[in-house]
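Asker: Model the following, please.
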Amino acid sequence: MTARFFFAITCLLSSTVKALEYRIEVEEPQLFNVEEAIANTIHGAAERLTGIPEARMVSVAPDLFSLSEALVNSYGYDGDTLVVDIDVDGLKSRLETAGIALWESERPEFLIWATEERGLERLMVGQESNLIIDRLMAASERFDVPMQRPLMDLEDTLSLSPAEIWGEFAGAVTNASARYGIANILVIGDRPERQMLKYWLFEPNGEYRAGEITGVDPDARAFSLIEVVMQYARSISEPMEPVQVAVVEKRESLTSFKLLEDNVAGQWTVRVEYNDVIRLMNLIDHLEASEAVTIAATEIRTTEASMVLNTGLSLGATDDLVSSFESIQFISPLVYSLK
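Answerer: Predicted structure coming up:
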């Protein structure tokens, strides 16, 4: 199917919006599949309503898009353009019934800086094509989350270097970004030859969280990053009331635990297996809501994540805190599964 999609309504999230019109420009009619195009419009509308990729929604609710023709008010042609009118209220109702939360707050805007490792060089990514950035910019439109790339003119080139990004010089990043007036900053360190990328998400106060995504497939790495960014965007646009987590101290026998070598006093490294990045981010939010710990570093791989927790809690109390997250499975001290 060869077609280009246009959205006639950009403010999808308003409670007053009852329908959403998609305009699909048909470039090769002989190859065009109307049913597939309509299904794609419904998937796209659901992604814009939730900020969750269609594949992830289907993994949670396999029948979500069955009998999807019931969600179409009407469709027809305007010249070479297929016009599809989606029943937004019906789609919202179906999402809520499936337990998939709507994202109804205003979407935050992001400025994206990127550096790419090519052989022994690390270079800033300008306006040229980069798979990770290309996927992110496509996701920006798909999920209605504004993203902007820097101009990478002389001022930008002099203001921020790859060495400052990889060295995590937060001041250099925020100073270089000031001219754009965008509060939220995403910085990407792409290392395609090593099949990994690192990212930093900067908050308006200059603090940031960092993570790492690894995997053979670059599209899979991009997909994981998109999920992380969308979950983060939603978390800052819909601030939740802090959750008070009751932590019960218990005395543990040191002979019954083998403490990890990379743990130091006041700091524990928690490892979590996962297959749903949204649940992983919810776990991170759960831990950050506790006054008992702060997350010093986060490293996210394709199926496993590590979090360094700064805390005065004992090993047992830290396990209690992590285990209080819904449906998490304790495997061994400081090792858990969300699968």
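Asker: quick one: Ser327 and Leu338 touch, right?
Answerer: Yes - contact criterion C-beta atoms under 8 Å: Ser327 and Leu338 qualify, at 7.4 Å. (Each C-beta comes from the backbone N, C-alpha and C, glycine too.)
Asker: quick one: which of those two has more around it?
Answerer: Neighbour count, other C-beta atoms under 10 Å: between Ser327 and Leu338, Leu338 has more, with 19 against 8.
Asker: Would you enumerate the residues in contact with the nearest residue to that one once chain neighbours are set aside?
Answerer: With sequence-adjacent residues excluded and distances taken as C-beta to C-beta, 6 or more residues apart in numbering, Leu338 is closest to Tyr274, at 4.2 Å. By C-beta atoms under 8 Å, 6 or more residues apart in numbering, the residues touching Tyr274 are Leu280, Thr303, Glu304, Ala305, Ser337, Leu338, Lys339.
Asker: Quick one: neighbours of the second one, just the number.
Answerer: Okay, so that is Thr303. If you count neighbours by other C-beta under 10 Å, Thr303 ends up with 13.
Asker: was I right about it contacting Asn275?
Answerer: Yes - if you go by C-beta under 8 Å, Thr303 and Asn275 touch, sitting 6.4 Å apart.
Asker: which stretches of the stretch 151-300 of the chain have low pLDDT?
Answerer: 239-266 (pLDDT under 70).
Asker: Can you tell me what sits against the helix or strand harbouring Phe330?
Answerer: According to DSSP states H and E, Phe330 maps onto strand 329-332. For strand 329-332, the surrounding residues in contact (C-beta under 8 Å, 6+ apart) are Glu273, Asp319, Ser323, Tyr336, Ser337, Leu338, Lys339.
Asker: Same check on stretch 151-168?
Answerer: Under the contact criterion C-beta under 8 Å, 6+ apart, stretch 151-168 has outside partners 113, 115, 122-127, 150, 172-173, 175-176, 179, 187, 189, 200, 210.
Asker: Go again with 10 Å.
Answerer: Contact with stretch 151-168 is made by 113-117, 121-128, 150, 169-180, 187-189, 191, 198, 200, 208, 210, as judged by C-beta atoms under 10 Å, 6 or more residues apart in numbering.
Asker: Tell me who's in contact with the residue positioned nearest the centre of the chain.
Answerer: For the chain, the residue nearest the mean C-alpha position is Val228 (2.3 Å; C-alpha atoms, centre = their mean). Shown in contact with Val228 (C-beta under 10 Å, 6+ apart): 186, 199, 201, 209, 211, 213, 277-278, 280-281, 284, 298, 300.
Asker: Against Ile300, how distant is it?
Answerer: Noted for Val228: a distance of 7 Å to Ile300, by C-beta to C-beta, to the nearest Å.
Asker: So for those two, which residues contact both of them?
Answerer: With C-beta under 10 Å, 6+ apart as the test, Val228 and Ile300 both reach Tyr199, Gly211, Ile213, Val277, Leu280, Met281, Ile284.
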